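Visitor: one predicted model, sequence on top.
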Amino acid sequence: MNIRNLCAFAFINLLLWCLAALCYFQTGGFFTDGYGLTFTALFIPGHILLFALGLFLLSLPARLIGPRALQAACVGWGGLFSLFFAVDILVYSQYRFHISPAMLQLFFGPAGKEIFVFPALTWVLAFAGAAVLFAAQWGLSVLCKRLRPGNKTIGAVSAAMLLIFTAYNGMYAWAHFMMVPTISAQRDRLPFANPLSANRRLRKMGFEPKSEPYTMPEQGTLKYPLAPLACTPGQKMNVLVFLVESWRADSFTPEVMPNLWAWSQKKGVTYFADHLSGGNATEAGVFSLFYSMPYSYWNDFTSRHLPPVLVSEAQKLGYEPAVYSSGKLNSPEFNQNVFAAIPNLRLESKGTEKWERDIDSIRDFEAFLDTRADREQPFFGFLFLDAPHGSDYPAEDAVFKPAGEQMNYLLLSKNTDPAPYMNRYKNSMHFTDRMIDRVLKDLQKRGELDNTLIILTGDHGQEINDTRNNFWGHNSNFAKYQTHVPMFVWMPGTPGGVKNYRTNHYDVAPTVLAHAYGCVNPAGDYSIGQDLFDPAPRPFSIISSYTKKAVRTEDKLTVIDAYGNLEHYDENFTLLKAGANPARVGEAFKTFSKFYE
């Protein structure tokens, strides 16, 4: 195999990858106006050219060894690039984001096997698919050994591709300057796309870009809290934050969760029926609950190992920590932010299955209650149950039938019947209901329940093809199925009942600090929320994923991606022409800089 063959090999792969790239637009939708279609026609080959160029340059050094080495390099690099596109297309079709270093770190991290649970058939199909891709690349290399394009052909093709690359970048720069939405919105369709933007240079030349509808505030030095806390609790109450992974709000029914339903009728239990998480994934959901601020602050707090005042103030007041999570606390890195100041932090639970680890975390919490050195000293507790994340449960909780097997994402489509998978999820919630009941009854038996403030909620929801758009799980959109979670507050001395006004995770810290810690600071000193028991309307709710942010007012959402593109939806993930109240969106964006000097 020679360099001419390599040129043919790279070009044919470029064409094949361009065809594969249509899947991204099939998933995300084509823009059918003239500008949109023209840009798509240039964008796909213009951007995929960079991958083909990478294949060419990475394979080229092998020619120094010999023809066979060059062919082997072509097959290897061609197979890896093709495998990347295959996996990335699958990820994008399920979650609407591309493979990123953050997701790879999570996948290969210590909790990867617990977070990403796939049945054996999925792995078999994945390895078989990878083998087919590499075999196809070998066959293509054999074919290309017979192709010997001349200098004129190579030059003409190279010039044409360079022209397309220049045209697509130029068109995007113009569209970004003029704010043409059907062009600028396509930027996140393809992986690692970073087309040209000339706004800064044009501004220096005296031209002013068209005004954007919303602007992101600049960030500076972190300042948290904004003022020292003044907290003087009366009689100290225990505080228990009780989280359930992937807890859909509509699973709270007397059939699915009979024990919790009975508990909810008791005096002192308040159910907030219209509660939103601050994220559609664990990192954002947990971060928003503990810090009472958007997920955009994650990196700053993690790098500084700065815990939330919800935890640090409890330590200052002498609360004994009791942190027992079923899932690992070092993946995501809650040990570096939320619980960074907790000594001898328990990082994981024992057990093969998720439900076994749930039981282990509760068993250890019970052991903590048995062995407390000073029972007069209040505790700050955290329990995190994980079974619903993988719809996992023991045999005795197989109540709803027929129940499907674990989700095989390679075989799911928008036409897949969600009922068996929903039944499996309900069974996992039935098991979780027994675990919640076990904890509450144990606290009651010990006489601790009447002196404990309990926050019981979910980190985010879980979609099971509810919109028939092939969304399974979470972190893929901001519809109510992935963001609406139950919220219960057990607080002695309150009448309890049901509250129907909108609340969100940002309201948790102000509630605990005011009612348990006796803090007199305004909530704005350390949060963007307000007391859960304050019925004053929340002007907006911010919901984050790993790659996007959404602002919700009433039942409309405005979604902004990492490139600043905007899309609008209702709570059922139906695309709208107009989303959240623009003035409220502007207010919401200001919170991204609230705690920066």
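Guide: The structure has been received and is ready for your questions.
Visitor: who are the packing partners of the helix or strand where Met422 lies?
Guide: Applying DSSP states H and E as the criterion places Met422 in helix 419-445. Counting contacts by 3 or more CB pairs under 8 Å, 6 or more residues apart in numbering; DSSP states H and E, helix 419-445 packs against strand 238-244, helix 258-264, helix 354-371, strand 379-385, strand 452-458, strand 463-464. C-betas here are computed from N, CA, C, even on glycine.
Visitor: quick check: angle from it to helix 354-371?
Guide: 10 degrees (axes from the mean of the first three to the mean of the last three CA atoms, to 10 degrees).
Visitor: go through helix 419-445 and flag the buried ones.
Guide: Using 16 or more other CB atoms under 10 Å as the test for burial, helix 419-445 gives 420-437, 439-440, 443.
Visitor: try stretch 278-292
Guide: Neighbour-count burial for stretch 278-292 [16+ other CB under 10 Å]: 278-292.
Visitor: stretch 316-328 now?
Guide: Buried-residue list, stretch 316-328, by 16+ other CB under 10 Å: 317, 319-328.
Visitor: of those, which belong to strands?
Guide: If you go by DSSP state E, the buried residues of stretch 316-328 have 320-325 in strands.
Visitor: out of those residues, who's nearest Leu83?
Guide: Ser325 (34.1 Å; CB to CB).
Visitor: tell me which residues form a beta bridge with the closest one?
Guide: Counting by DSSP bridges, Ser325 is bridged to Phe384.
Visitor: circling back to that earlier point, among the buried residues of stretch 278-292, which are located in helices?
Guide: 282-291 (DSSP state H).
Visitor: so which of those comes closest to Arg248?
Guide: The closest of these, once distances to Arg248 are taken by CB to CB, is Gly285, at 12.9 Å.
Visitor: pLDDT weak spots in this structure?
Guide: Applying pLDDT under 70 to the chain flags residues 95, 101-107, 109-117, 199-200, 202-220, 563-564.
Visitor: according to the record, where do the domains of it fall?
Guide: 3-204, 268-593 (automatic domain parsing).
Visitor: select, out of those, the one closest to Lys223.
Guide: Using CB to CB, the nearest of the domains of the chain to Lys223 is domain 268-593, at 10.6 Å.
Visitor: buried residues in the one helix or strand Ser158 maps to?
Guide: With secondary structure defined by DSSP H and E, Ser158 is part of helix 151-178. Within helix 151-178, the residues scored as buried using 16+ other CB under 10 Å are 161, 164-165, 167-169, 171-177.
Visitor: can you list contacts of the helix or strand that it is followed by?
Guide: Note on helix 151-178: by DSSP H and E, the next helix or strand toward the C-terminus is helix 181-184. Contact partners of helix 181-184, identified using CB atoms under 8 Å, 6 or more residues apart in numbering, comprise 31, 33, 35-36, 39, 171-172, 175-176, 563-566.
Visitor: redo that, cut-off 10 Å
Guide: Residues outside helix 181-184 that contact it (CB atoms under 10 Å, 6 or more residues apart in numbering): 30-40, 43, 168, 171-172, 174-178, 195, 197, 213, 563-567.
Visitor: pull the distance from that helix to the chain's centre.
Guide: Between the centre of helix 181-184 and the centre of its chain there are 25 Å (CA atoms, centre = their mean, to the nearest Å).
Visitor: which one of the helices and strands packed on helix 419-445 lies nearest to Asp274?
Guide: Nearest of these (CB to CB): strand 452-458, 12.8 Å.
Visitor: any chance of the ones in helices among the buried residues of stretch 278-292 in TSV, with distance to Leu385 too?
Guide: Formatted as TSV, those follow (distance: CB to CB, whole Å):
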residue	distance to Leu385
Thr282	12
Glu283	17
Ala284	19
Gly285	14
Val286	13
Phe287	18
Ser288	19
Leu289	15
Phe290	17
Tyr291	21
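Visitor: now, which of those sits nearest Ala69?
Guide: Using CB to CB, these come closest to Ala69 at Glu283, 43.7 Å.
Visitor: quick check: closest non-adjacent residue to the closest one.
Guide: Pro332 (4.7 Å; CB to CB, 6 or more residues apart in numbering).
Visitor: the one you found touches Phe287, doesn't it?
Guide: Yes. Contact criterion CB atoms under 10 Å: Pro332 and Phe287 qualify, at 8.8 Å.
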